[in-house]
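> fold the following, please.
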Amino acid sequence: MTDNQIELKCSETLKELLIKYKDDEYMTQRIYSHIVNYLPNTLDNEMKNHEKRIIRNNFLTNEQQLFIQVFLSKNKYFYLPNNNLFYEYDGEKYLIVKEDDVIHKLLSSISKDRTLLQWKYKTKINIIKQIKDRSLFSSIPETDTIQNVLNVLYPSFFSTKNSAKYFLTIIGDNILKKNTSLIFLVSQKMKQFLNEVDNVAILSIGNSNVTSNFMSKYHENHTYDNCRLIKINENFSNDVWREILKKIGLDLLCVSAHYSKRYESSDKFIENKSDDELKTYSQYIKNTNQNNIVSDFCNKYIFESDDPLSCMIEWKYLHFVWKQFLSDSNLPSIIYSNTLKNMFKEIYTYDETIDSFKGITSKFVPVHRDFINFWEQNITVHIPESELSFDNEIEIDELCYLFKSWTKTNTGTINKNGNITEENIVKILKHFFPAVEIIEDKFVLNITCCMWNKINDIDNSFEYIKEQIKTEHKLALISFDDAYNYYYKYCNFNELKFIVSKRFFEKYLYYKLSDYVVYEKFIETGWLI
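Model prediction:
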């Protein structure tokens, strides 16, 4: 109401009261007394109390603002609305905290301050609201946090610190939903690494898409212009990485979001902060085409012969050499095999009747052929008879030794030294013998080799082991470790060329001596009888 309206209303009310009680002398006197004697004092007191309240409110408001400023500065709390979780940053690590714990600390701090006790819950509501307005990804990590994350990633997982920063910026872009059209092509091993990051993101920030644009396989729907490359050192344990992420997973995500804001985007990081090597590799697919890639392969891995009639490569071997080129160049499979074959047909002479390209060779083919010959002549693949039958296996490093031994005695081999890596054997088996079961790229299941009967060696060692135990042991149980040590002595004593691994030895003991195995790793002496 305006001043005039108030004045008019007061006058009207007074007139109405005087008219109402004009015939009542007592009430007329009471109206007079209230207006003349009481109202001025009452209004004076009301004004003084009002002024005190204003001063008090202003004081408490200032104190509240100061308290909130100091509290939020000392206690770096953040919030994410998508999962309704609160977070705390202590300057070194980010932690998920319960809302009740935040409120308890807040109310305890107000109680200690005492000035704001009257406004305790009002202040609490105000601060909680401000915390909920502070996104976790608005926080700026301290140098110690950033360096701790980088030190985990480099040099263990990435060969350069810039590569680690690039990776973090990509993850940050995904968290903040930037560059959604980009595709990052990675190895299958790195995809496992990324799955663990995804698991942490789901649990800690409620985001299930932080690695969705990392792909281990190229699809023709992907345009080269949107494809980027990123590689990782692959000699790491996924179990170790999982344990690391339990400790720094949330820190990694927060540093990633910070880098995304700091460098604007992963592409901007490459353009403005990256070294030439990382830039060239990451944008290799973007800056090339299929013809250039195939041409690079042909120049480095294929040799044309002056005698095209006596020199040729079967398509299955050429395709494998192509995979070797991709692996050596840290490139994903970015050309479909049918497309690739047709491109080779345009470059070289192709004989469809024998599925071979004439007049070309490669230095890699002889090694592959030697190993395939070794495999076909010496290895037998078995189908397990039942769940109770023993699952024979040969380790990849044992295949290396067997192949090396075979090449020295086989006159038809080209690779007389038998030099082949474990990684190459795995690739050959996966390409040429896809039905063979390989576990962890280390164990080939359900196969035997005619050059080495592993089970016979162990069975033959049992009498020797029993005699040694009877002579040297007085205990009621024999450990698997002691049994293996006796087996090892037996092999050396008899000059056996190959010795089974402790893992295989124990696996066979579980199968052969199941009636005597106790406490998981011990054999009862009843076996000796």
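
> quick one: end-to-end length of stretch 205-213, please.
For stretch 205-213, the first-to-last residue distance is 18 Å (Cα to Cα, to the nearest Å).

> buried set for that stretch?
Across stretch 205-213, burial judged by 16 or more other Cβ atoms under 10 Å covers 205, 207, 210, 211, 213. Backbone N, C-alpha and C define where each C-beta goes, glycine included.

> cool, stretch 124-139 as well?
Neighbour-count burial for stretch 124-139 flags 124, 127, 128, 131, 132, 134, 136, 137, 139 (criterion: 16+ other Cβ under 10 Å).

> can you tell me which of the residues you listed are in helices?
Secondary structure defined by DSSP state H assigns 124, 127, 128, 131, 132 of the buried residues of stretch 124-139 to helices.

> returning to what we had before: need the worst-confidence member of the buried residues of stretch 205-213.
Taking those together, the minimum pLDDT is found at residue 207 (89).

> next helix or strand past the worst-scoring helix or strand of the chain on mean pLDDT?
For the chain, counting by mean pLDDT, DSSP states H and E, helix 39-74 ranks last in confidence among helices and strands (a mean of 73). If you walk from helix 39-74 toward the C-terminus, the next helix or strand you reach (DSSP states H and E) is strand 76-80.

> and that next one, what other elements does it pack with?
Applying 3 or more Cβ pairs under 8 Å, 6 or more residues apart in numbering; DSSP states H and E, one finds that strand 76-80 makes contact with strand 85-89, helix 120-132.

> could you dump the ones you listed to CSV with mean pLDDT and distance to residue 169?
Output for those, formatted as CSV (pLDDT from 0 to 100; distance: least, Cβ to Cβ, whole Å):
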stretch, mean pLDDT, distance to residue 169
strand 85-89, 96, 20
helix 120-132, 81, 27
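
> out of the ones you listed, the one nearest residue 23 is which?
When the helices and strands packed on strand 76-80 are compared by Cβ to Cβ, helix 120-132 sits nearest residue 23, at 52.4 Å.

> what helices and strands are in contact with that closest one?
Using 3+ Cβ pairs under 8 Å, 6+ apart as the contact test, the elements touching helix 120-132 are helix 39-74, strand 76-80, helix 99-113.

> and the angle for it with helix 99-113?
Calculated by axes from the mean of the first three to the mean of the last three Cα atoms, to 10 degrees, helix 120-132 forms an angle of 130 degrees with helix 99-113.

> send me helix 120-132 as PDB with only the CA atoms.
Taking Å, rounded to 0.1, in the frame of the first residue of the first chain, the C-alpha atoms of helix 120-132 are listed here in PDB:
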ATOM      1  CA  LYS A 120      21.900 -23.300  12.700                       C
ATOM      2  CA  TYR A 121      19.400 -25.100  10.400                       C
ATOM      3  CA  LYS A 122      18.900 -22.100   8.200                       C
ATOM      4  CA  THR A 123      22.600 -22.000   7.600                       C
ATOM      5  CA  LYS A 124      22.700 -25.700   7.000                       C
ATOM      6  CA  ILE A 125      20.100 -25.500   4.300                       C
ATOM      7  CA  ASN A 126      21.900 -22.600   2.700                       C
ATOM      8  CA  ILE A 127      25.200 -24.400   2.600                       C
ATOM      9  CA  ILE A 128      23.800 -27.700   1.400                       C
ATOM     10  CA  LYS A 129      22.100 -25.800  -1.400                       C
ATOM     11  CA  GLN A 130      25.400 -24.100  -2.400                       C
ATOM     12  CA  ILE A 131      27.200 -27.500  -2.300                       C
ATOM     13  CA  LYS A 132      24.600 -29.000  -4.600                       C
END
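
> on the pLDDT front, check residue 430 for me.
With respect to pLDDT, residue 430 scores 90.

> cross-check the contact I'm expecting between it and residue 438.
Yes. Shown here, residue 430 and residue 438 form a contact pair, counting by Cβ atoms under 8 Å, at 7.0 Å.

> neighbour count: the two, which is higher?
Neighbour comparison, residue 430 and residue 438: the larger count goes to residue 438, with 17 against 14 (by other Cβ atoms under 10 Å).

> coming back round to it: ok, of the buried residues of stretch 124-139, which one's closest to residue 240?
Closest to residue 240 out of these is residue 136 (26.7 Å), distances taken as Cβ to Cβ.

> find the nearest non-adjacent residue to that closest one, please.
When the adjacent residues along the chain are set aside, residue 136 lies closest to residue 78, with 4.2 Å between them (Cβ to Cβ, 6 or more residues apart in numbering).

> how far away is that neighbour from residue 171?
As for residue 78, its distance to residue 171 is 18 Å (criterion: Cβ to Cβ, to the nearest Å).

> looking at those two now, which is surrounded by more residues?
Applying other Cβ under 10 Å to residue 78 and residue 171 shows that residue 171 carries more neighbours, namely 24 against 21.

> please enumerate the strands of the stretch 401-529 of the chain.
Taking DSSP state E, counting those that start in this stretch as the criterion, the stretch 401-529 of the chain carries its strands at 438-439, 443-445, 447-449, 477-479, 517-518, 522-524.

> want to throw these into TSV with mean pLDDT and distance to residue 461?
What follows is the strands of the stretch 401-529 of the chain, written out as TSV (pLDDT from 0 to 100; distance: least, Cβ to Cβ, whole Å):
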stretch	mean pLDDT	distance to residue 461
strand 438-439	91	26
strand 443-445	93	22
strand 447-449	93	18
strand 477-479	89	14
strand 517-518	90	17
strand 522-524	89	14
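
> in this structure, where is pLDDT below threshold?
Where the chain drops to pLDDT under 70, the residues are 55-64, 67-68, 110, 113-119, 307-310, 385-388, 411-418.

> what is the neighbour count of the residue lying closest to residue 95 once chain neighbours are set aside?
When the adjacent residues along the chain are set aside, residue 95 lies closest to residue 88, with 5.0 Å between them (Cβ to Cβ, 6+ apart). When counting by other Cβ under 10 Å, one arrives at 16 neighbours for residue 88.

> with residue 450 instead?
Summarising burial for residue 450: neighbours were counted as other Cβ under 10 Å, giving 10.

> ok, back up a step: the residue nearest to residue 95 and residue 134, how far apart?
Looking at residue 88 against residue 134, where the rule is Cβ to Cβ, the gap reads 11 Å.

> between these two, what contacts are shared?
In the contact map built from Cβ atoms under 8 Å, 6 or more residues apart in numbering, the residues linked to both residue 88 and residue 134 are 77, 78.

> residue 17 sits in which helix or strand?
Secondary structure assigned from DSSP H and E places residue 17 in helix 3-20.

> need the next SSE after that helix, C-terminal direction.
helix 25-33.

> by contact count, what packs against that next one?
helix 3-20.

> circling back: export the ones in helices among the buried residues of stretch 124-139 as CSV, with columns for distance to residue 269.
Formatted as CSV, those follow (distance: Cβ to Cβ, whole Å):
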residue, distance to residue 269
124, 41
127, 36
128, 36
131, 31
132, 31
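
> the residue nearest to residue 136 and residue 104, how far apart?
In this structure, residue 78 and residue 104 are 18 Å apart, going by Cβ to Cβ.

> check residue 479 too.
Look at residue 479 and residue 104: by Cβ to Cβ, they are 53 Å apart.

> more neighbours: which of these two?
Comparing residue 479 with residue 104 by other Cβ under 10 Å, the one with more neighbours is residue 479, at 14 against 11.

> quick check: that one touching residue 520?
No. Applying Cβ under 8 Å, one finds residue 479 not in contact with residue 520, separated by 10.5 Å.

> contacting residues for the closest residue to residue 510 other than its chain neighbours?
In space, residue 510 comes closest to residue 517 once its chain neighbours are excluded; the distance is 6.1 Å by Cβ to Cβ, 6+ apart. Residues near residue 517 by Cβ under 8 Å, 6+ apart: 509, 510, 523, 524.
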